[in-house]
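Chemist: with the sequence up front, the predicted model follows.
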Amino acid sequence: MYNEEKTHSLLIGYLLWIFGFMGAHRFYYGKQISGAIWFFTLGLLGIGWIIDLFLIPAMDREADYRFEAGPIDYDLTWILLTFLGFFGIHRFYMGKVFTGLLYLFTLGLFGLGILYDFFTLNEQVSELNENGV
């Protein structure tokens, strides 16, 4: 079912595209497999990164279809994960206090928790929004 509300921002997608050779924009739009491929191949040696400049609007529309809008903001959650993930601030924002504290005292479970969140954050937020946090 199509969401009337936007869940992801085109502007954030393009800002993350700047770091797209590492797959940041693909993870943001819920494309974990290609995000991992971009990460390990530097955006398919830069070629896929350039092509994505034109694909971002479609990725943005697809994310709006796939993910549930609600009280937890995807953009803010992604910004918190990207810049403060080692401290668990994104988990506190989502109401996951226990794991937020765990991330805080273990630097994001030694980085592995942050990696996990890059792969699953959209689904985590969508599930919380469906349940009306």
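Modeler: It's in. Residues are numbered from 1 along each chain as shown.
Chemist: next one: stretch 47-57 to chain centre, how far?
Modeler: 17 Å (C-alpha atoms, centre = their mean, to the nearest Å).
Chemist: got a list of contacts for it?
Modeler: 10, 13-14, 17, 20-21, 25-26, 29, 38, 41-43, 59 (C-beta atoms under 8 Å, 6 or more residues apart in numbering). Just so you know, the C-beta spots here come from the backbone N, C-alpha and C atoms, and that holds for glycine as well.
Chemist: what does stretch 117-124 give?
Modeler: 27-30, 32, 35-36, 63, 66-67, 74, 77-78, 81, 85, 90-91, 94, 108.
Chemist: picking up where we left off before, what subset of the contacts of stretch 47-57 is buried?
Modeler: Neighbour-count burial (16 or more other C-beta atoms under 10 Å) is assigned, among those, to 13-14, 17, 20-21, 25-26, 29, 38, 43, 59.
Chemist: may I have the helix or strand L128 falls within as PDB, with CA atoms only?
Modeler: Secondary structure assignment for L128, by DSSP states H and E: helix 112-130. C-alpha atoms of helix 112-130 as PDB (Å, rounded to 0.1, in the frame of the first residue of the first chain):
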ATOM      1  CA  LEU A 112      29.300  -4.600  14.600                       C
ATOM      2  CA  GLY A 113      26.100  -3.200  16.000                       C
ATOM      3  CA  ILE A 114      26.400  -0.200  13.800                       C
ATOM      4  CA  LEU A 115      27.000  -2.400  10.700                       C
ATOM      5  CA  TYR A 116      23.900  -4.300  11.700                       C
ATOM      6  CA  ASP A 117      21.900  -1.100  11.900                       C
ATOM      7  CA  PHE A 118      23.100   0.100   8.500                       C
ATOM      8  CA  PHE A 119      21.500  -3.100   7.100                       C
ATOM      9  CA  THR A 120      18.300  -3.000   9.100                       C
ATOM     10  CA  LEU A 121      17.500   0.600  10.200                       C
ATOM     11  CA  ASN A 122      14.800   1.200   7.700                       C
ATOM     12  CA  GLU A 123      13.000  -2.000   8.700                       C
ATOM     13  CA  GLN A 124      13.400  -1.100  12.400                       C
ATOM     14  CA  VAL A 125      11.900   2.300  12.000                       C
ATOM     15  CA  SER A 126       9.100   1.000   9.800                       C
ATOM     16  CA  GLU A 127       8.200  -1.600  12.400                       C
ATOM     17  CA  LEU A 128       8.100   1.000  15.100                       C
ATOM     18  CA  ASN A 129       6.000   3.300  13.000                       C
ATOM     19  CA  GLU A 130       3.500   0.500  12.200                       C
END
